[in-house]
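A.B. asks: Got a predicted model here, sequence first, then my questions.
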Amino acid sequence: MGATDDLIEQLAGQATPVRRLAPPWQRALIWVAVSLPPVALVVLIHGAHKSPAMLVADWHFVVEAIAVAATAVTAAIAAFACEVPGMSRRWLFVPFVPLAIWLATLGQACAQEYALLGGQALAVREDSGCLLPAIIGGIVPAVAMVAMLARGAPVMPRLTLVFGALAVAAITNLGLILFHVGDASIMVLVWHGGAMLVVAALAALLAPVTLTWRRVARD
Amino acid sequence: MNHHDRSGERLSTLMIAAQGGDHGAYRALLSEATPIVRRSLRRRYAFLAQEDVEDIVQEVLLSVHKVRATYDGRRPFLPWLFAIAHNRTIDMLRRRSRLSRREIAVAEYPETFDDAQTNISDDGYGDPQALHLAVAGLPRGQRVAIEMLRFREMSLKEAASASGMSVAALKVAAHRATKALKAALAGGGDGRD
């Protein structure tokens, strides 16, 4: 056990004070506070299609926006909780509730539009209008998320990054749904839902090389 | 309150002090946590060899050191520690399984050329006891460098972080240690600077 005892001595000699990581929900709020202004700025620059008063009167929009915002917050909490060894896994199921509500509102809107317009309501066209705002708006949330995740323990790297990516996609989406008020719901479902899935899948693929024990960030 | 709870509470108190920079508390924490991790690994992964258990214990200690900021003093300590231990064990088993898929164990490497002169005869690994003694006789800095870089195969960055030495100092120490060991094992003096 000599080598282990030597290691203990060496590590004890490096017991510099560390800043304790805040609980996951607090870190999630910090991340939201950092991420929201750039998303809001992109919405302001590109211009929303309707006035805030009209949007608030549209219950469908309100439910959708709340579900997307809740997905962003709960996915961020889940991502940060994944990085605390021994943390309860309860948190990991929470984001699926608002995500399901968001998908359900879109599904219901698709069904309504189908009943009204028939097959034409389900036509998916190419629409890259919101791609540039999505990329610009998503940069700060993504960079902030990666920087914050680098301080945790990579005990579940894939799940951590999938939830982190979901949070980034959702908060960016919160700005983008303003561009699509009045658009066919199938377009939002396919392009935004699809983009979320792609981003989460990419994150899962990148996890083994990004969140590793070697790369844990120090204070 | 049972022994497990008391031990967890004491370790939690020590970790909180260690997060504040208390060297003594940190030493006590690591010393007391080490046998707990060792016992847990032996019980949970009974198939592991003794030296593998010790390797994982050291990995766990290094990992605990790296992520000690993630421990929240209001939460129990032992689940935090065991989650790291389990994670590092699975990592090691995966690494080993990947290696075993790529490598084939052979008793003796085949000759590579027909001409006998081009093949160097295998002299074996020498005398491990002599090597152990020679390493033990090295100055502390050189011994740490050789143990971390060669025996534990840590990267320069990891070894620098674990030992508190700079990368340049580690390189120099490893170079000097290799020279000293060569000289000691060849019987040509201890080669210290």
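C.D. replies: Yep, it's here.

A.B. asks: Could you pull up phi and psi at A:Pro85?
C.D. replies: The phi and psi values for A:Pro85, taken as degrees, to the nearest 10, are phi -60, psi 140.

A.B. asks: Next one: it relative to B:Arg176, how far apart?
C.D. replies: Separation of A:Pro85 from B:Arg176 (CB to CB, to the nearest Å): 38 Å. The C-beta positions use only the backbone N, C-alpha and C, and glycine is treated the same way.

A.B. asks: ok, these two, which is more surrounded?
C.D. replies: Using other CB atoms under 10 Å in any protein chain shown, the more surrounded residue of A:Pro85 and B:Arg176 is A:Pro85, with 25 against 19.

A.B. asks: Read off the pLDDT value for the more buried one.
C.D. replies: Looking at A:Pro85, its pLDDT reads 93.

A.B. asks: what do you get for the one 5 residues further on?
C.D. replies: In the predicted model, A:Arg90 carries a pLDDT score of 84.

A.B. asks: three-state assignment of it?
C.D. replies: helix (DSSP: H, G, I helix; E, B strand; the rest coil).

A.B. asks: Kindly report the same for A:Met87.
C.D. replies: coil.

A.B. asks: Tell me how many other residues crowd it.
C.D. replies: 23.

A.B. asks: List the contacts of the nearest residue to it once chain neighbours are set aside.
C.D. replies: In space, A:Met87 comes closest to A:Ala81 once its chain neighbours are excluded; the distance is 4.9 Å by CB to CB, 6 or more residues apart in numbering or on different chains. Counting by CB atoms under 8 Å, 6 or more residues apart in numbering or on different chains, A:Ala81 touches A:Pro24, A:Met87, A:Ser88, A:Trp91, A:Leu92.

A.B. asks: of those residues, closest to B:Glu59?
C.D. replies: Of all these, B:Glu59 sits closest to A:Met87, with 20.8 Å by CB to CB.

A.B. asks: Next one: that closest one from A:Ile77, what distance?
C.D. replies: 11 Å.

A.B. asks: where in chain A is pLDDT low?
C.D. replies: Applying pLDDT under 70 to chain A picks out residues A:1, A:47-56, A:120-130, A:179-185, A:215-219.

A.B. asks: Up against chain B, what does it have?
C.D. replies: For chain A, the contact set with chain B under CB under 8 Å from any CB of the partner chain comprises A:1, A:3-4, A:6-21, A:23, A:83-87, A:151-153, A:155, A:213-214, A:216, A:218-219.

A.B. asks: Check the residues you listed for burial and list the buried ones.
C.D. replies: A:4, A:6-8, A:10-12, A:15, A:18, A:20-21, A:23, A:83-87, A:151-153, A:155, A:213, A:216 (16 or more other CB atoms under 10 Å in any protein chain shown).

A.B. asks: Pull out the buried positions in the helix or strand hosting B:Ala184.
C.D. replies: B:Ala184 is part of helix B:167-185, with elements assigned from DSSP states H and E. The neighbour-count check on helix B:167-185 (16+ other CB under 10 Å) flags B:Leu170, B:Val172, B:Ala173, B:Ala174, B:Arg176, B:Ala177, B:Thr178, B:Ala180, B:Leu181, B:Ala184 as buried.

A.B. asks: And the helices in chain B?
C.D. replies: B:3-19, B:23-44, B:50-66, B:77-102, B:128-136, B:140-146, B:156-163, B:167-185 (DSSP state H).

A.B. asks: Tell me which helix or strand in chain B has the weakest average pLDDT.
C.D. replies: Using mean pLDDT, DSSP states H and E, the weakest-scoring helix or strand in chain B turns out to be helix B:128-136, at a mean of 80.

A.B. asks: Helix B:167-185 and that helix, what's the angle between them?
C.D. replies: 140 degrees (axes from the mean of the first three to the mean of the last three CA atoms, to 10 degrees).

A.B. asks: And chain A, is helix B:128-136 touching that?
C.D. replies: No. Applying CB under 8 Å from any CB, one finds helix B:128-136 separated from chain A by no less than 8.8 Å.

A.B. asks: Near A:Ala134, how many other residues are there?
C.D. replies: Neighbour tally, A:Ala134, other CB under 10 Å: 23.

A.B. asks: Give the buried residues for the one helix or strand it maps to.
C.D. replies: Per DSSP H and E: A:Ala134 is located in helix A:131-149. By neighbour count with 16+ other CB under 10 Å, helix A:131-149 contains the buried residues A:133-134, A:136-138, A:140-142, A:144-146, A:148-149.

A.B. asks: got it, and stretch B:29-46?
C.D. replies: B:Leu29, B:Leu30, B:Ala33, B:Thr34, B:Ile36, B:Val37, B:Arg38, B:Ser40, B:Leu41, B:Tyr45.

A.B. asks: distance of B:Trp80 from A:Ala147?
C.D. replies: From B:Trp80 across to A:Ala147, the span is 23 Å (CB to CB).

A.B. asks: Oops, could you answer that again for B:Ala183 instead?
C.D. replies: Distance check for B:Ala183 against A:Ala147: by CB to CB, it reads 48 Å.

A.B. asks: cool, and B:Ala18?
C.D. replies: Distance from B:Ala18 to A:Ala147, by CB to CB: 25 Å.

A.B. asks: just A:Pro85 next, same as before
C.D. replies: Distance from A:Pro85 to A:Ala147, by CB to CB: 20 Å.

A.B. asks: How about B:Leu99?
C.D. replies: 33 Å.

A.B. asks: now do B:Ile16
C.D. replies: B:Ile16 sits 26 Å away from A:Ala147, going by CB to CB.
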